[in-house]
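A.B. asks: Compute the structure for the input listed below.
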Amino acid sequence: MRSNDVKIVERGTVFVGESGTEQSSACFPSICVLPGGRWLAMFRVSPRKSDARPQKVMLTWSDDWGATWARPAEPFAPSSIGGKPGDFRAAHPTSLGGRRVLAVMCWVDASDPSLPFFNPETEGLLDTRIFLSLSQDAGLSWSRPWQVDSGPFTEPTPTTGPVLILRGGEWAVQFETNKPYYDASVGRHSSVLMFSRDRGKTWPQHVKVTCDPQARYFYWDQRPTVLRDGTVLDVFWTFDRVRAEYLNIHACASADNGRTWSALWDMGIPGQPGAPVQLPDGRLAMPYMDRTTVPILKMRTSADAGRSWPEHTQVVLDDSMSRAQEGRKSSMQDAWAEMAKYSVGLPCTALLPDGEVLVLYYAGRHMDHTAIQWVRVKA
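C.D. replies: Here you go, the predicted model:
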């Protein structure tokens, strides 16, 4: 395939942060396309990107292929756990068919607003839990959120994307495990899938997709996708803690509904991936944020189930940033501080009925004043 066979069809804006308000920073976007054609988007707003209060999840939709969007609204009231107030930091929708939509939310302890999400002294996170909510009317109204029992994991469990619908109709919720806030021990990050066969009532099984016993390699931001043959492909933003540097995107695959996984492989692509999408002809398309120099949002395709992603299939989706947002690091603390300054990234994907790929991401000139953007790509 020649590189010009992959092209941008159209682009637009979902929401622009209002500078100087509680909705200045817009980030953590997510998207799903419903059978009726509605694009349903969720994202977080706050006064600043990093450790800002209040933070809210907002929902909007477009019924005309992104030309216009409903006025964003807060669909989920904040919940408390054990008397502790919390905020929803992110939410991800999944179409269940017809007008039914499932949302998974990342809840964060807000009992002490002075505490940052990441503890730079211990590398721990604030208490973080998982909630679900169901809409029967294409996102117009939602059930009261209910908490997922994530046992045996008692540590923070931030979500990494939408609930997956596996072969046979089983659900899988995806999350990471991180150290509790004041835990000074060595952290061992894991990427986890937890499974339900009764539509989210119970979650009796789980699998650690990644977990480095040496605590050197962190496979962050897992982005799994279910292929048409039932294979689950999972891709990771990969960090080497010893060298304090990002490696190429890594991947692994499962042929048994996520219960066992292949060895990880290096995809040969630098950066932070979005979830791959399978095209009508069987190829995969994956957006990724390459911050090797200035941050550039790109996309490549693979014709061999994600094993190779030839450079000649690459297309640039957004190169509007004019300055680098990554530099030399010496620690995990440096990496987290650097992430807080990103003003563009976190691409998410959906396949459109005509086989085009919809990519949503956040972008702006300043980390605390960003917008949610979309781009349609024909691959």
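A.B. asks: Every contact and neighbour count from this point should use C-alpha atoms.
C.D. replies: Fine.
A.B. asks: What are the buried residues along the strand ranked longest in the chain?
C.D. replies: Counting residues, the longest strand in the chain under DSSP state E turns out to be strand 84-97. By neighbour count on 16 or more other CA atoms under 10 Å, the buried set for strand 84-97 is Gly86, Asp87, Phe88, Arg89, Ala90, Ala91, His92, Pro93, Thr94, Ser95, Leu96.
A.B. asks: now swap in stretch 168-186 and tell me
C.D. replies: By neighbour count with 16+ other CA under 10 Å, stretch 168-186 contains the buried residues Trp171, Ala172, Val173, Gln174, Phe175, Glu176, Thr177, Asn178, Lys179, Pro180, Tyr181.
A.B. asks: how close does the second one get to Cys348?
C.D. replies: What it means is Ala172. Separation of Ala172 from Cys348 (CA to CA, to the nearest Å): 18 Å.
A.B. asks: again with the last one
C.D. replies: Separation of Tyr181 from Cys348 (CA to CA) stands at 28 Å.
A.B. asks: Low-confidence stretches in the stretch 151-300 of the chain?
C.D. replies: For the stretch 151-300 of the chain, not a single residue meets the criterion pLDDT under 70.
A.B. asks: hmm, back to that, CA-only coordinates of the longest strand of the chain in PDB, if you can.
C.D. replies: Extracted C-alpha coordinates of strand 84-97, given in PDB (Å, rounded to 0.1, in the frame of the first residue of the first chain):
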ATOM      1  CA  LYS A  84     -15.500   9.300  51.200                       C
ATOM      2  CA  PRO A  85     -16.600  11.700  48.500                       C
ATOM      3  CA  GLY A  86     -15.200  11.100  45.000                       C
ATOM      4  CA  ASP A  87     -15.000  12.500  41.500                       C
ATOM      5  CA  PHE A  88     -15.300  10.700  38.200                       C
ATOM      6  CA  ARG A  89     -12.000  11.300  36.400                       C
ATOM      7  CA  ALA A  90     -12.900   9.500  33.100                       C
ATOM      8  CA  ALA A  91     -15.600   7.600  31.400                       C
ATOM      9  CA  HIS A  92     -15.800   5.300  28.400                       C
ATOM     10  CA  PRO A  93     -18.900   4.200  26.500                       C
ATOM     11  CA  THR A  94     -19.600   0.800  24.800                       C
ATOM     12  CA  SER A  95     -22.500   0.100  22.500                       C
ATOM     13  CA  LEU A  96     -24.500  -2.900  23.500                       C
ATOM     14  CA  GLY A  97     -26.700  -2.800  20.400                       C
END
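A.B. asks: what about it, distance to the chain center?
C.D. replies: Here strand 84-97 is found 12 Å from its chain centre; the criterion is CA atoms, centre = their mean, to the nearest Å.
A.B. asks: Kindly report the same for stretch 156-170.
C.D. replies: For stretch 156-170, the distance between its averaged C-alpha position and the chain's averaged C-alpha position is 12 Å (CA atoms, centre = their mean).
A.B. asks: Show me which residues of it are buried.
C.D. replies: Pro156, Thr157, Pro158, Thr159, Thr160, Gly161, Pro162, Val163, Leu164, Ile165, Leu166, Arg167.
A.B. asks: contacts for it?
C.D. replies: Stretch 156-170 is contacted by residues 30, 91-94, 102-107, 125-130, 150, 171-180, 195-199, 221-223, 225-226, 230, 257 when judged by CA atoms under 8 Å, 6 or more residues apart in numbering.
A.B. asks: could you dump that stretch to CSV, C-alpha only?
C.D. replies: Coordinates of each C-alpha in stretch 156-170 appear next as CSV, following Å, rounded to 0.1, in the frame of the first residue of the first chain:
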residue,chain,number,x,y,z
PRO,A,156,-6.0,1.8,43.1
THR,A,157,-7.5,0.4,39.9
PRO,A,158,-7.8,3.2,37.3
THR,A,159,-9.6,2.2,34.1
THR,A,160,-7.9,2.3,30.8
GLY,A,161,-10.8,2.2,28.3
PRO,A,162,-14.3,0.9,27.5
VAL,A,163,-15.7,-2.4,28.5
LEU,A,164,-15.0,-5.0,25.8
ILE,A,165,-17.7,-7.3,24.4
LEU,A,166,-15.9,-10.6,23.9
ARG,A,167,-16.8,-13.6,21.7
GLY,A,168,-20.0,-15.2,23.1
GLY,A,169,-21.1,-11.9,24.7
GLU,A,170,-18.9,-12.0,27.8
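A.B. asks: Might one say that Val108 is in contact with Thr128?
C.D. replies: Yes - using CA atoms under 8 Å, Val108 is in contact with Thr128, at 4.6 Å.
A.B. asks: Please identify which of those two sits among more neighbours.
C.D. replies: A count of neighbours by other CA atoms under 10 Å puts Val108 above the other of Val108 and Thr128, at 27 against 24.
A.B. asks: Am I right that the more buried one falls within a helix?
C.D. replies: No - counting by DSSP: H, G, I helix; E, B strand; the rest coil, Val108 falls outside a helix, being strand.
A.B. asks: beta partners for it?
C.D. replies: Asp87, Thr128 (DSSP bridges).
A.B. asks: Could you double-check that Thr13 sits in contact with Thr370?
C.D. replies: No - Thr13 lies out of contact with Thr370 (CA under 8 Å); the separation is 11.0 Å.
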